[in-house]
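**Q** Need a 3D model of the following:
(2 chains)
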There are 2 protein chains.
Amino acid sequence: MYKVTFKFEDGGAVEAFAAEGENLLEVARKTNVAIDAPCSGNAACGKCKVKLLGGELDSQKTLHITDEEYAQGWRLSCVSHVIADVEIEVPDIASAYKSRMKVADLDSAKEIEIFEKTKADVAETGIDFENDMDVVRVTMDPPSLDDTMPDLERLIWNVRQVCGTEHVKVPFAVMKHMAETLREYHFDVQCVIRRRKNKVEVLDLLGPDEDVKMCGLAVDIGTTSVAALLVDMRTGEILSKASTGNGQIRYGADVINRIIEAVKPGGRQKLQDAIIKETLNPLIAQMCAAAKVKASRIYRMCVAGNTTMNHLLVGVFADPIRMEPYIPTFYETLNIHANDLGLHIFPHARVIMAPNIGSYVGGDITAGTFASCIWHKPTMSLFIDLGTNGELVFGNEEFMMSCACSAGPAFEGGDISCGMRATDGAIEACTIDKETMEPTLSIIGDEGQKAVGVCGSGIIDLMSELFRCGIINPKGKFIREGKRIRHDKYGMGSYVIVFKEDAASVKDVEINEVDIDNFMRAKGAIFSAIRVMLNSLDFTVDMIDDVYVAGGIGSGINMENAVNIGMFPDIPIEKYHYIGNSSLSGAYIMLLSNSAEYKVWEMSHNMTYLELSNEPTYMDEFVASCFLPHTDADLFPSLSFK
Amino acid sequence: MYKVTFKFEDGGAVEAFAAEGENLLEVARKTNVAIDAPCSGNAACGKCKVKLLGGELDSQKTLHITDEEYAQGWRLSCVSHVIADVEIEVPDIASAYKSRMKVADLDSAKEIEIFEKTKADVAETGIDFENDMDVVRVTMDPPSLDDTMPDLERLIWNVRQVCGTEHVKVPFAVMKHMAETLREYHFDVQCVIRRRKNKVEVLDLLGPDEDVKMCGLAVDIGTTSVAALLVDMRTGEILSKASTGNGQIRYGADVINRIIEAVKPGGRQKLQDAIIKETLNPLIAQMCAAAKVKASRIYRMCVAGNTTMNHLLVGVFADPIRMEPYIPTFYETLNIHANDLGLHIFPHARVIMAPNIGSYVGGDITAGTFASCIWHKPTMSLFIDLGTNGELVFGNEEFMMSCACSAGPAFEGGDISCGMRATDGAIEACTIDKETMEPTLSIIGDEGQKAVGVCGSGIIDLMSELFRCGIINPKGKFIREGKRIRHDKYGMGSYVIVFKEDAASVKDVEINEVDIDNFMRAKGAIFSAIRVMLNSLDFTVDMIDDVYVAGGIGSGINMENAVNIGMFPDIPIEKYHYIGNSSLSGAYIMLLSNSAEYKVWEMSHNMTYLELSNEPTYMDEFVASCFLPHTDADLFPSLSFK
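**A** The predicted structure is shown next:
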């Protein structure tokens, strides 16, 4: 056995032991050292780069490591094998997805505005914001020698009087601590209850004077990112918002790799731990600390995630999702509580999951579609969710059709060498001067934040600007020269966005032809999916009244640029609406409203699903879309440059 | 820290570490070394005697240790303190309650006969033996590209068809393993289900060809002893019967001491562990092994225990039971499953508890009264349960009154120096030759089993015979001389039942005046309770039509002897019926029958409770009953000797 010491930029270190020849990424995984591996350790993405500080590794040089970098000690962990005691530096960037947990500053109202706006839009459809949670004061006569009714029967009898129903249930979890609590407060308590029709369930017993913040948690579990809102269940007020990377990222960037990892022995537990223990529980703790509430006061939780994320969250066998005939274990599930999953909130809190409607259209889309309100409009709307994959819903109050396209993780920074999530240090927007080719950047973070990489919205801008300035051609190849343009020995061109001296990165932040190619395939997948789906319904793009674009890919998308690169159809820009993280908005509203929960359920039953791979025209459409903007320029008549 | 080595008669040993001055019994407890301490470590019972083999203990000599014994190294653990490394021998007798787990040989039909008889008696009252458990075969179409319904929805849809109801629920625990199971058996499975009215809950999924033994477990949790039946839920057949000591015995012999221990920090968990982890789970494992069934096939469990045992089992705060106004946490509880308690049976198995009706009349009595069928008779019956305490129920089909008396643990061998549970080595019956004063014994166990001690039924015989032979006087003092009669230096008399050469014990098996005094108080408590309760209802003993005597105190009670010592009223012997462990019989029937479960619930609501301590005559009656047979000889006109 050899000793492997992982050192971190913050000065911390972790020690592990490895057998001769053991894979370094595996050693990191089993030691719970977070090293991103979006490609799941196939030497494809280059994200798992670490620096050898001492000792020796058996590690081949790959395309992702330059000679200079190799000489400095940089290695890809996924192709490195332990052959001696080693000291490894894990740069922050290698765990960028996981480590950048961020609790939003609620005073910067922009973050919150969009949720409030969605709530207002949903309210206009007639959905009410009643939920089944309530707090009632129950003041009992204490027992005496003449009144020896036991605590449980006494509590139930009194709750019956207060709530006016015969059907009162006290779950075992509450019964366990009832006797002490009732005595501590002299049989005068506040009961947190859940009402369903004429049934009341007592969830918690609290002191009579406590100002009970009855909280709820809405969570969007994306393949790459996780975002959550902590909410006051009575007022609907958002108490805290936070986001972080999905800790499962080290088991692969996409759902297929995650499922494959989950099927390995012990894998299901590992994947579940990665999302619950490593991601959600720390996130919840931070949000509660920020909002100054106890996590045990979170009595209801609503999750919107794609079908695979939902399966891995509850820890069920997910393999059938990826194998023909692509069968999920469940669309909807009703009887899950926080303690079933090991979530550190109120143990008996119900965990509501927005329903899936297929293996590749999940609760994130049903919740998101609900939030977009397209199900209530007579006019035709297109809903586009840019997550780690792209999903579309088209329809109106009468019908809705959904489809999913394999856009890959590019919109969230995956498959892009300089890509990253929309968090501190991410370039979220940019323009390029056509003459000088110098960029002007907008970087997420405080004043003076240096660039770490580029997030989805930034990449759209960058592609559009590089194309507009004639720096790249319709095939995405570099055709101009300049100090920011480079070609490596294989002839691959790249554009330096930020030189390393000015970046918070160990090397230049640059975008290369492989990245551009990856992104073109991603945007091509979206565009061709829109065309094929509309075509299957005998619709054309000019019949679309509104397009709702969702996704946590930055503070917004420059729609004009998205049209310019041929990602979205060339229709009037005012028809486009960016609605933010609609999965999270949807989960937020379902959390607050039982009617919304029901409506999403009803909607999910009425939504049809189009399997694009069964459509004969899809492949041709896709190939034609992998150009800037498209092989058929007539589809983009209003393009602002040619 | 000193090293403490505990050595056992079977050759095993356990090592522990103790701080200077630490109490030896405490060291044993925290090391999970079972040393009985019925008096809860108050130097009162003398049961925790161990032998010092090496090293030194700071240990005072007590009444329970003779000079000779002290010289040999015998010490009471509860008054011993560690002051050096020590080696301790723990004789089997010191853990007699816990260690003597016994799985009955079902071929010796007598053990089982009594349960079958009770079942037949109950059937005659009109109670049916339908329960909510069933197994149905569900054969589904496997999913295909044209039929992509998810597993959960597919299962529910198919169960709906098979069971003919819309309301089908699949709990999370089942959903977790559903996908693999359905595929393993090609979507053709047997479902173990629970039906309630028109609702069906799927409990388990099994292969189509498995011969499913759907089992249930009935358990009587006594303060001293635990007994259980493993049952085939479909046929009602008893597959295994076993009994053992309650592992909580080391925290005290009676419920009060247990509650006090449970209130100490961490105590509730310790007491719960002692009954579940140390007692029930090993018992279940042994029973399943004997019956050759998997513990995971136990889908329903029914527990009959006294109020305190029920509270400690589910791990709720029990202190209010012992403190005025004596309030239990619950009478009945409905929503407990095996995994809530950590029971090693099917995790989602419902744990049904026979309802309590007061702090001192619990589920053991409601279940036992149900089994006695007195609630169905027009004639007047008296039900007597001789457990660690004595409980009485008097009434008929129109009314029932219950009361509890502090008889103490004497009937189960507690508070008696040679006392033990009715298990191998226990003298369960005896006669004494009036001339020679030589005893003739009946010992539980195989041919050749030597005596270890005396169980409840044996003590009754012994008392009656000693009295009949004029060896003791009405006050329980020894008045004859002989080789079996001894007096110690304080003048305390005793009778040697078995000399140590012939016993499986480290010393003579003998009964002394303290034991006799303790037992007289126990039998006096029973007799006076009967008198006071009848008196409160304006009844006299000759108005009793039948007396049903229950309790696991041996294979039966010599009723004549019980009358002779003034324990039971002097009414015709043919009115007495020994009905065995009626708590267990009741639990067995509740397990098999939902109607029985309902009937016990209904009965418990209609039974009144008499608090004896509030009755002004009780104390005088009790004092008068603490003689052989009674101060008022006219109450025993037919006494077979005077």
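
**Q** quick check: domain ranges of chain A?
**A** A:2-99, A:133-206, A:363-408+A:526-620, A:410-519 (automatic domain parsing).

**Q** quick one, which of those domains is packed in tightest?
**A** domain A:363-408+A:526-620 (a mean of 22; mean count of other Cβ atoms under 10 Å in any protein chain shown). All C-beta spots, glycine's among them, are computed from the backbone N, C-alpha and C.

**Q** out of the domains of chain A, nearest to chain B?
**A** domain A:133-206 (3.8 Å; Cβ to the nearest Cβ).

**Q** export the domains of chain A to CSV and tack on distance to B:Gly551 and mean pLDDT?
**A** Shown next, in CSV, are the domains of chain A (distance: least, Cβ to Cβ, whole Å; pLDDT from 0 to 100):
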stretch, distance to B:Gly551, mean pLDDT
domain A:2-99, 56, 82
domain A:133-206, 26, 94
domain A:363-408+A:526-620, 54, 93
domain A:410-519, 70, 91
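
**Q** Make CSV from the ones you listed and add distance to B:Lys292 to it.
**A** Compiled in CSV, those are given as follows (distance: least, Cβ to Cβ, whole Å):
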stretch, distance to B:Lys292
domain A:2-99, 40
domain A:133-206, 32
domain A:363-408+A:526-620, 45
domain A:410-519, 54
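
**Q** Would you tell me which of those domains gets closest to B:Gly456?
**A** domain A:133-206 (30.7 Å; Cβ to Cβ).

**Q** List phi and psi for A:Tyr185.
**A** Dihedral angles of A:Tyr185 (phi, psi; degrees, to the nearest 10) stand at phi -100, psi 20.

**Q** Look up the closest residue to A:Met533, ignoring the ones flanking it.
**A** With Cβ to Cβ, 6 or more residues apart in numbering or on different chains as the criterion, A:Met533 has its nearest non-adjacent residue at 5.2 Å, and that residue is A:Cys403.

**Q** List the beta-bridge partners for that neighbour.
**A** When assigned by DSSP bridges, A:Cys403 has beta-bridge partners A:Leu392.

**Q** can you tell me which residues contact it?
**A** With contact taken as Cβ atoms under 8 Å, 6 or more residues apart in numbering or on different chains, A:Cys403 is in contact with A:361, A:391-392, A:529, A:532-533, A:609-612.

**Q** biggest separation within those, which pair?
**A** A:Val361 and A:Val532 (15.3 Å).

**Q** Which residue, other than its chain neighbours, is closest to the residue nearest the centre of chain A?
**A** Centrality entry for chain A: nearest residue to the mean C-alpha point is A:Gly222, 2.6 Å, by Cα atoms, centre = their mean. Excluding the flanking residues, the one nearest A:Gly222 by Cβ to Cβ, 6+ apart is A:Gly387, at 5.3 Å.

**Q** hang on, the earlier thing: and the residue nearest to A:Met533, how close does it get to A:Tyr618?
**A** A:Cys403 sits 10 Å away from A:Tyr618, going by Cβ to Cβ, to the nearest Å.

**Q** rewinding a little: what about the contacts of A:Cys403, which are in helices?
**A** Taking DSSP state H, the ones among the contacts of A:Cys403 that sit in helices are A:529, A:532-533.

**Q** Let's have those in TSV, adding distance to B:Lys49.
**A** Below are the ones in helices among the contacts of A:Cys403 laid out as TSV (distance: Cβ to Cβ, whole Å):
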residue	distance to B:Lys49
A:Ala529	82
A:Val532	87
A:Met533	84
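
**Q** Name the nearest of those residues relative to B:Arg258.
**A** Using Cβ to Cβ, the ones in helices among the contacts of A:Cys403 come closest to B:Arg258 at A:Ala529, 67.8 Å.

**Q** In the stretch 151-300 of chain A, mark out all the helices, start to finish.
**A** Secondary structure of the stretch 151-300 of chain A (DSSP state H, counting those that start in this stretch): helices located at A:151-163, A:172-184, A:255-263, A:267-275, A:281-291.

**Q** just the stretch 1-150 of chain A next, same as before
**A** Using DSSP H, counting those that start in this stretch, helices in the stretch 1-150 of chain A cover A:24-30, A:67-72, A:96-99, A:110-124.

**Q** can you check the stretch 351-500 of chain A too?
**A** A:363-372, A:456-468.

**Q** Next: the stretch 501-642 of chain A.
**A** A:513-536, A:559-564, A:582-592, A:594-606, A:618-625.

**Q** how far is the last one from where the chain is centred?
**A** Going back to what we said before, that points to helix A:618-625. Centroid separation for helix A:618-625 versus its chain: 28 Å, with Cα atoms, centre = their mean, to the nearest Å.

**Q** next one: the shortest one
**A** When C-alpha coordinates are averaged (Cα atoms, centre = their mean), helix A:559-564 and its chain have centres 23 Å apart.

**Q** Tell me which of the helices of the stretch 1-150 of chain A approaches A:Gly524 most closely.
**A** Across those, closest to A:Gly524 is helix A:96-99 (Cβ to Cβ), at 24.8 Å.

**Q** and the gap between A:His542 and A:Met380?
**A** Let me fix one detail, which is that residue A:542 is Asp and not His. 10 Å.

**Q** Over to A:Leu229?
**A** Counting by Cβ to Cβ, the gap from A:Leu229 to A:Met380 is 30 Å.

**Q** hang on, the earlier thing: can you redo the helices of the stretch 351-500 of chain A as CSV with distance to A:Asn257?
**A** Formatted as CSV, the helices of the stretch 351-500 of chain A follow (distance: least, Cβ to Cβ, whole Å):
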stretch, distance to A:Asn257
helix A:363-372, 18
helix A:456-468, 20
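
**Q** Figure out which of those is closest to B:Arg486.
**A** helix A:363-372 (81.5 Å).

**Q** Tell me how far that closest one lies from the chain's centre.
**A** The answer for helix A:363-372 is 13 Å, by Cα atoms, centre = their mean.

**Q** what about that helix, near chain B?
**A** No: residues of helix A:363-372 contacting chain B under Cβ under 8 Å from any Cβ of the partner chain: none, with a closest distance of 12.8 Å.

**Q** Report the inter-axis angle for that helix versus helix A:110-124.
**A** 70 degrees (axes from the mean of the first three to the mean of the last three Cα atoms, to 10 degrees).

**Q** returning to that earlier point: with the contacts of A:Cys403 in mind, which one is nearest to B:Met301?
**A** Closest to B:Met301, out of all of these and judged by Cβ to Cβ, is A:Val361, at 42.6 Å.

**Q** Since that was my last question, I'll sign off now.
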